[in-house]
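Trainee: Following is a predicted model, sequence given first.
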Amino acid sequence: MREKIKKTVHDAFNTAVSKGLLPEMEIPSAHQVSPPRQKNHGDFSSNIALISASAAGRPPRQIAEQISSLLKDDPLFEKIEIAGPGFINFFVSRSWWQNNLLTICNAGDAYGESNAGRGIRVQVEFVSANPTGPLHVGHGRGAAVGDSLARVLRAAGFDVDTEYYINDVGNQMRTLGKSVYLRYQEYHGVEISFPEDHYQGAYIRDIAREIAEREGDRYLDASETQWLPVFRDTAVKAISSGIRRDLADFDVHFDHWFSERVLYRNNLVEKTISELQTKGFIYEKDGALWFRTTEFNDEKDRVVKRSNGVLTYFASDIAYHRHKLDRGYDILVDIWGADHHGYVPRVRAALKAMGHPPDRLRVLLVQLVNLMEAGKPKAMSTRAGEFVTLREVLNDVGSDAARFMFLTRRCDSHLDFDLELARKQSQENPVYYVQYAHARLASVLRTAKEQEVDLWEPDQVDLSLLDTDEETDILKQAEAFPGLIADSALALEPHRISYYLSNLAGHLHSYYNKCRFISEDQDLTQARLLLARVMKRIFRKGLNLLGVSAPEKM
RNA sequence: GCGCCCGUAGCUCAGCUGGAUAGAGCGCCGGACUUCGAAUCCGUAGGCCGCAGGUUCGAACCCUGCCGGGCGCGCCA
């Protein structure tokens, strides 16, 4: 509808120009058609007169007058008003909204989807936690945002792949193996001193115990070259499968799991560096290789190969992003913890150096989660390895509540996650509000069935009976659903979906309390039940985009 | 010190990339179940959009400078 009105205004503008009502000029690109905040300003509002006023050399209200006079007879509109400094306000006729319900209904389960993305290939990479410990709540937020964003992008017509990058190369893997080995020695009664920079969590002991129970003490006298591969790989395997299980229970499933080892196995890191070297972006200093990222707005140059010959994490990151683009993705979305924001300029620099437009990489920074319990901050000391895991949160409050909480806020704002609130099955918990709207509609339709009300074919229903203000509001919101998904996808902001749904649920609950779906009036009942069916589908679709279930009963 | 993010109702946060009189949830107070589910609804109160300038028809939004909070600034991963 919005696009339709925009086009209508454009046509009228051009007509006005060709008729000589306005001076020769282009349609200003800043022209916007948007729903006004104030209800009495109509359904949509155009600012075209305001922004073209100075170029046209006329007062805005006069321009608005000329454009609107050309549109007065369009039956789409109930009325057109000129208001304030020169806005043109459009009031769409009620019958259009009513008839649109049939269009929505005919779209079926696909309603809400669009082709805004035009099949552009997008890769969304998220979580990507190192396999050195279980996922914590912060990862959970990233997982919820990434997974939901992927769903939204798909619904908006993008061709989406999701990916988890496994950082399984380097020193940390050795540290992991050693941590387990030390606990293994400890298990067998060997006196150990456990270094502070090793992995502290209790899960390390669990893995050590498993190995000890399975293998006995045969590794006590072994050399590091013998035990390290065993302890390291066992740990990675155990931790990785734990991570996968946590994500699966969070209803997050990846299309690809990409191992950093693949980059090394195919020599891609070395190749990428030497390519940059050929292009002259690499120099040697103090025995190390440096990448001149300052040439692309980074604060300082970065090391890609240390003087001891070891490639840095950054080096494999460059190779990884190159590899992603080589795989044919048009846009790369990286979702990182906000504490990594310092890496954005250097990765961008790498893309630029390799000749890619840097805006093909979109980085979403997800702020850390502040866990609360009944309004009080819950202590999280990372140094003792006592962070709260995603698993604990899932067991505590459930997947639906957790996901909804993570998705009600913009991802770059700090999030207070109150466990007590998320646990509560009451009105304070926003998850239930939306789910209840869905369950209520399901209940209404069940009741209709029990009372043996036969549902008519949609095109047999008299939609003009949906004429209360509440119904009109709901019809308008339903119409906006596909546009909302498209906007949410283009802005990479999945939280808009949860706001939309909360708002829609509000309208629905309000309507429910005021009007009855099922009544003596057969025609009215049919019209309202059709509305119920359509709304239920929108709730289900919307909740699904968030990865939250849509229960028939609660 | 430099860089990035944030500052909106008592609390937690939206504000559709610059629009008209600033929004929601929670909390407070007062009402609504013999009726399709009260996990709901209806009503009241609550604001110098951190501060000060600038840009223009128009600023919570864009620019500059302060104030306050978070994070990052290794040949770590």
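Mentor: That came in fine, so what should we check first? Predicted, not measured: the structure shown is a model, and the values here were computed from it. Numbering: from 1, shown residues only, chains lettered A, B, ... in the order given.
Trainee: all contacts plus neighbour counts: C-alpha atoms, from now on.
Mentor: Will do.
Trainee: If I look at the residue of the stretch 151-300 of chain A found nearest RNA strand B, what pLDDT would I see?
Mentor: At 3.4 Å from RNA strand B, A:Asp286 is the closest residue in the stretch 151-300 of chain A, using C-alpha to the nearest atom of the strand. The predicted local confidence for A:Asp286 comes out at a pLDDT of 91.
Trainee: next one: A:Gly385
Mentor: 45.
Trainee: can you give me phi and psi for A:Asp412?
Mentor: When quoted as degrees, to the nearest 10, the phi and psi of A:Asp412 stand at phi -90, psi 10.
Trainee: what does A:Ala156 give?
Mentor: A:Ala156 adopts backbone torsions of phi -90, psi 10, taken as degrees, to the nearest 10.
Trainee: Pull the number of nearby residues for the residue of the stretch 151-300 of chain A closest to RNA strand B.
Mentor: Burial measure for A:Asp286: 8 neighbouring residues, criterion other C-alpha atoms under 10 Å.
Trainee: Contacts only, for A:Val122.
Mentor: Remark: with contacts taken as C-alpha atoms under 8 Å, 6 or more residues apart in numbering, A:Val122 is in contact with A:158-161, A:329-333.
Trainee: Can you turn the buried part of those residues into a ChimeraX selection?
Mentor: Here the buried members of the contacts of A:Val122 are turned into a ChimeraX selection, burial being counted by 16 or more other C-alpha atoms under 10 Å:
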select /A:158,159,160,161,329,331,332,333
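Trainee: Please name the residues that touch the residue of the stretch 151-300 of chain A closest to RNA strand B.
Mentor: The neighbourhood of A:Asp286, defined by C-alpha under 8 Å, 6+ apart, consists of A:Ser307.
Trainee: ok, now how distant is the residue nearest to the spatial centre of chain A from A:Val160?
Mentor: Nearest residue to the geometric centre of chain A (C-alpha atoms, centre = their mean): A:Leu149, 2.6 Å. Using C-alpha to C-alpha, to the nearest Å, one gets 10 Å for the distance from A:Leu149 to A:Val160.
Trainee: repeat for A:Pro131
Mentor: A:Pro131 sits 25 Å away from A:Val160, going by C-alpha to C-alpha.
Trainee: What of A:Pro23?
Mentor: Relative to A:Val160, A:Pro23 is positioned 46 Å away (C-alpha to C-alpha).
Trainee: before we move on, what about A:Val124?
Mentor: Here the criterion is C-alpha to C-alpha. By it, A:Val124 lies 7 Å from A:Val160.
Trainee: Could you pull out the residues contacting both of those two?
Mentor: Taking C-alpha under 8 Å, 6+ apart as the criterion, A:Val124 and A:Val160 both touch A:Ala150.
Trainee: for the stretch 201-350 of chain A, what spans make up the strands?
Mentor: Taking DSSP state E, counting those that start in this stretch as the criterion, the stretch 201-350 of chain A contains strands spanning A:256-259, A:282-285, A:288-291, A:302-305, A:331-337.
Trainee: Mean confidence (pLDDT) on stretch A:103-121, please.
Mentor: What stretch A:103-121 shows for mean pLDDT is 94.
Trainee: Hmm, I typed the wrong one, I wanted stretch A:540-554.
Mentor: On average, the pLDDT along stretch A:540-554 is 95.
Trainee: got it, and stretch A:492-503?
Mentor: This predicted structure assigns stretch A:492-503 an average pLDDT of 93.
Trainee: Those residues of the stretch 51-200 of chain A touching RNA strand B, which are they?
Mentor: Proximity of the stretch 51-200 of chain A to RNA strand B is assessed by C-alpha under 7 Å from any atom of the strand, with A:51, A:54, A:83-85, A:87-89, A:130, A:167, A:169-172 identified as the residues in range.
Trainee: typo on my end, the stretch 201-350 of chain A
Mentor: So far as C-alpha under 7 Å from any atom of the strand goes, the stretch 201-350 of chain A lies against RNA strand B at A:285-288, A:302-303, A:305-308, A:310-314, A:338-342.
Trainee: for the stretch 351-500 of chain A, what spans make up the helices?
Mentor: Defined through DSSP state H, counting those that start in this stretch, the helices belonging to the stretch 351-500 of chain A, from first to last, are A:390-397, A:399-406, A:419-423, A:430-450, A:469-490, A:495-514.
Trainee: Kindly reformat these as JSON lines containing mean neighbour count and distance to A:Val230.
Mentor: Below are the helices of the stretch 351-500 of chain A laid out as JSON lines (neighbours: other C-alpha atoms under 10 Å; distance: least, C-alpha to C-alpha, whole Å):
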{"stretch": "helix A:390-397", "mean neighbour count": "18", "distance to A:Val230": "26"}
{"stretch": "helix A:399-406", "mean neighbour count": "23", "distance to A:Val230": "35"}
{"stretch": "helix A:419-423", "mean neighbour count": "18", "distance to A:Val230": "39"}
{"stretch": "helix A:430-450", "mean neighbour count": "19", "distance to A:Val230": "45"}
{"stretch": "helix A:469-490", "mean neighbour count": "19", "distance to A:Val230": "44"}
{"stretch": "helix A:495-514", "mean neighbour count": "17", "distance to A:Val230": "44"}
